[in-house]
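Colleague: have a look; sequence and predicted model below, questions after that.
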Amino acid sequence: LLATRAPMARRLAELRKAASGLDPARLKLGGTRPRRRELEDLSRYFERFTKARDRIEAILLALNEGREDLDRDSASISVEQVSLEHEMETLRQYAYLAERLDEGLEARIDAIEAVDPGRADMLRKDVLTVVRGRRQEILTQLAIAHQGYAALEIVEQNNDEVVRAIAAATSSTAGA
């Protein structure tokens, strides 16, 4: 959003340029020049100010629209984070259930092994392998959900920082 050629960065640069062009310190009033010349310079300054006002207001409006878009994005991200939180909780419960199944099956298969080693070996290959594979899939999905949640949080923080930067730049530049 604030990369050199991004719309928000261009608008902020335009705002800085427009505001710096109106800097009253550039007038250099109160020197050895005649008063008439200073009044002419002052008159031209206010003409430039009047001409630039519409441009500055348009830039400020565009920046505020961009800020509102970022606020909407942040709201959407918050909704998505809540959804991911529910999904992660469900996945945690499934992972716990799969772990308990794994432990229970392993204990039962160990008990069967004392009586029938061939059947125990078959159960390990056919049943326990499937349960462990599914548990691994659940844990992988949980890790992916965590990464997605963290990425959304980073985007939301970046949006908030950009919104604050836009607010600071627009208020200080417009005030100046």
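Modeller: That came in fine, so what should we check first?
Colleague: what about the residue lying closest to Ala95 once chain neighbours are set aside, how many neighbours?
Modeller: Leaving out its chain neighbours, the residue that sits closest to Ala95 by CB to CB, 6 or more residues apart in numbering is Ile138, at 4.8 Å. The way it works is simple: take the backbone N, C-alpha and C, and place the C-beta from them, glycine included. Burial of Ile138 is recorded as 20 neighbouring residues (other CB atoms under 10 Å).
Colleague: avg pLDDT for the helix or strand containing Ile144?
Modeller: Ile144 is part of helix 129-175 when elements are defined by DSSP states H and E. pLDDT averaged over helix 129-175 equals 90, rounded to a whole number.
Colleague: for stretch 79-86, same thing?
Modeller: Mean predicted confidence for stretch 79-86 is 95.
Colleague: residues of that stretch that come out buried?
Modeller: Leu84 (16 or more other CB atoms under 10 Å).
Colleague: now it, how far from the centre of its chain.
Modeller: When distances are taken as CA atoms, centre = their mean, to the nearest Å, stretch 79-86 is centred 15 Å away from the chain's centroid.
Colleague: what ranges do the strands span in this protein?
Modeller: With DSSP state E as the criterion, the chain has no strands.
Colleague: please enumerate the helices of the chain.
Modeller: Using DSSP state H, the helices found in the chain span residues 7-21, 35-115, 117-123, 129-175.
Colleague: report all helices and strands that the shortest one contacts.
Modeller: Contacts defined by 3 or more CB pairs under 8 Å, 6 or more residues apart in numbering; DSSP states H and E place helix 117-123 against helix 35-115.
Colleague: what packs against the helix it packs on?
Modeller: Counting by 3+ CB pairs under 8 Å, 6+ apart, helix 35-115 packs on helix 7-21, helix 117-123, helix 129-175.
Colleague: kindly calculate the angle that that helix makes with helix 7-21.
Modeller: For helix 35-115 and helix 7-21, the angle between their directions (axes from the mean of the first three to the mean of the last three CA atoms, to 10 degrees) works out to 160 degrees.
Colleague: the inter-axis angle of helix 35-115 versus helix 129-175?
Modeller: For helix 35-115 against helix 129-175, the angle by the same axes, to 10 degrees is 170 degrees.
Colleague: ok, now which ones touch Phe160?
Modeller: Just so we're on the same page, residue 160 is Asp rather than Phe. Contacts for Asp160 (CB atoms under 8 Å, 6 or more residues apart in numbering) come out as Ser74.
Colleague: residues contacting the spatially most central residue of the chain?
Modeller: Most central residue of the chain, judged by C-alpha distance to the mean C-alpha position with CA atoms, centre = their mean, is Val155 at 1.7 Å. Residues counted as contacts of Val155 (CB under 8 Å, 6+ apart) are 73, 77.
Colleague: since that was my last question, I'll sign off now.
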